[in-house]
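[1] could you work out the structure for the sequence below:
(one chain, ligands or ions: 1)
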Amino acid sequence: MKWNKFRLKTTTEAEDIVSSMLMDLGIQGVEIEDKVPLTQSDKEQMFVDILPEIEADDGVAYLSFYLEPEEDKEKILSQIRQELEAMSSYVNVGECRIDESETEDVDWVNNWKQYFHQFYVDDILIIPSWEQVKPEDTDKMVIHIDPGTAFGTGMHETTQLCIRQIRKYVTEKTRILDVGCGSGILGMLALKFGAAYSVGTDLDPCAIEATYENMEVNGIAKDQYEVMIGNIIDDKAVQDKVGYGCYDIVVANILADVLVQLTPVVVNQMKSGGIYITSGIIDDKEQTVTDAVKAAGLEVLDVTYQGEWVCVTARKN
Ligand SMILES: C[S@@+](CC[C@H](N)C(=O)[O-])C[C@H]1O[C@@H](n2cnc3c(N)ncnc32)[C@H](O)[C@@H]1O
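    Coordinates of the predicted model:
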């Protein structure tokens, strides 16, 4: 289907209020493009692993929205112009030029793929499953990834922090539990590092589906990596299925506030002497998570950092 795309030029000062006005007029989904640096809180709230490079802020914001061909665009644009006129008495709405174009099917689901290309984390080649391994890389440790709509390209700092800690502690006897497996990247890499067995859990059915697909592309059998849907924090059936006292490593790359609830539960899944690797922690929340880890009876072994993100590694003694 073809869509009419409209791109409204305004200011960063007015972008939120203009965006709300568009929504109030019944427009579903407004894309905001600006160059305002993300705050710590934005980064935590967004917690996505693909972010395009951002240039210096110039105060300009573009709001894009789409209308279906049968919608009365002249009526809607006229309402928008009236609202912008009224707003201009109390906020700098800027130029308010509205450019129109026609676009083919909007591929909301796959647009991110333009930002995901093969790259290295240390000596590990992480490659989208639609790209080819170059001849000079065939001797490398390679992991093929298509996260679909789940998290876990390996590009995010927190995933990389977890990868390094898993590699540090994994042995050939390791049974690892990845809570919040997303694309399955951590559990699969643990197996490539030599672990015996991985279990992944996630709340999100798309993550479970992506993990199965990535296992297949990477030649990982279902008897090496078991994937379970559900919330281990409060679902006893999931806790029972995952099992108690049987993991050498538990990794959880989830936001700090979830880790605080998760830690006292998941400690029961760990063997004595087991390692707990947690990331997803923006630096403001480091203390909150280390406090929760200690309160659950774990000994903090290591705190590592990349950008504004933190990884806390602890042991169950
Ligand atoms: C940041 S992603 C991490 C994905 C992958 N492990 C990585 O490191 O790239 C966090 C994942 O945790 C999942 N999640 C959040 N809360 C959860 C919970 N209570 N139990 C299981 N999964 C959870 C989310 O659906 C998401 O897939």
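[2] run through the residues that contact residue 162.
    Going by C-beta atoms under 8 Å, 6 or more residues apart in numbering, residue 162 touches 186, 251, 253, 277, 279, 311. Any C-beta I mention is one placed from the backbone N, CA and C, and that applies to glycine too.
[3] is the fourth one bridged to anything, and to what?
    Per DSSP bridges, the residues bridged to residue 277 are residue 251, residue 313.
[4] neighbours of it, how many?
    27 (other C-beta atoms under 10 Å).
[5] swap in the first one?
    Residue 186 has 28 neighbours, counted by other C-beta under 10 Å.
[6] next: the second one.
    Counted with other C-beta under 10 Å, the burial measure for residue 251 works out to 29 neighbours.
[7] now do it against the ligand, distance only.
    7 Å (C-beta to the nearest ligand atom, to the nearest Å).
[8] what residues does the protein put near the ligand?
    Neighbours of the ligand within the chain, by C-beta under 6 Å from any ligand atom: 47, 150-152, 159, 162, 178-182, 185-186, 201-204, 207, 231-233, 253-254, 258, 280.
[9] one more time with 5 Å
    Applying C-beta under 5 Å from any ligand atom, we find that the chain lies next to the ligand at 151-152, 159, 180, 182, 186, 202-204, 207, 231, 233, 253-254, 258.
[10] so of those, which ones are in strands?
    The strands, defined by DSSP state E, take in 202, 253 from the residues of the chain next to the ligand.
[11] residues contacting the residue lying closest to residue 250 once chain neighbours are set aside?
    Distances taken as C-beta to C-beta, 6 or more residues apart in numbering put residue 177 closest to residue 250, at 4.7 Å, once the chain neighbours are dropped. Contact analysis of residue 177 by C-beta under 8 Å, 6+ apart lists 198-201, 242, 247, 249-251, 266, 269.
[12] how close does residue 177 sit to residue 74?
    For residue 177, the distance to residue 74 (C-beta to C-beta, to the nearest Å) stands at 57 Å.
[13] can you read off the pLDDT for the residue in the stretch 1-150 of the chain that the ligand sits nearest to?
    As assessed by C-beta to the nearest ligand atom, the ligand sits closest to residue 150 within the stretch 1-150 of the chain, at 5.4 Å. Residue 150 is assigned a predicted lDDT (pLDDT) of 88.
[14] isn't it right next to residue 180, touching?
    No - Residue 150 is beyond contact range of residue 180, at 9.8 Å (criterion: C-beta atoms under 8 Å).
[15] identify the contacts common to the two.
    Going by C-beta under 8 Å, 6+ apart, residues that sit against residue 150 and also against residue 180 are 202, 207.
[16] circling back to that earlier point, turn the contacts of residue 177 into CSV, columns for pLDDT and secondary structure.
    Below are the contacts of residue 177 laid out as CSV (pLDDT from 0 to 100; DSSP: H, G, I helix; E, B strand; the rest coil):
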residue, pLDDT, secondary structure
198, 98, strand
199, 98, strand
200, 98, strand
201, 97, strand
242, 97, helix
247, 98, strand
249, 98, strand
250, 98, strand
251, 98, strand
266, 98, helix
269, 98, helix
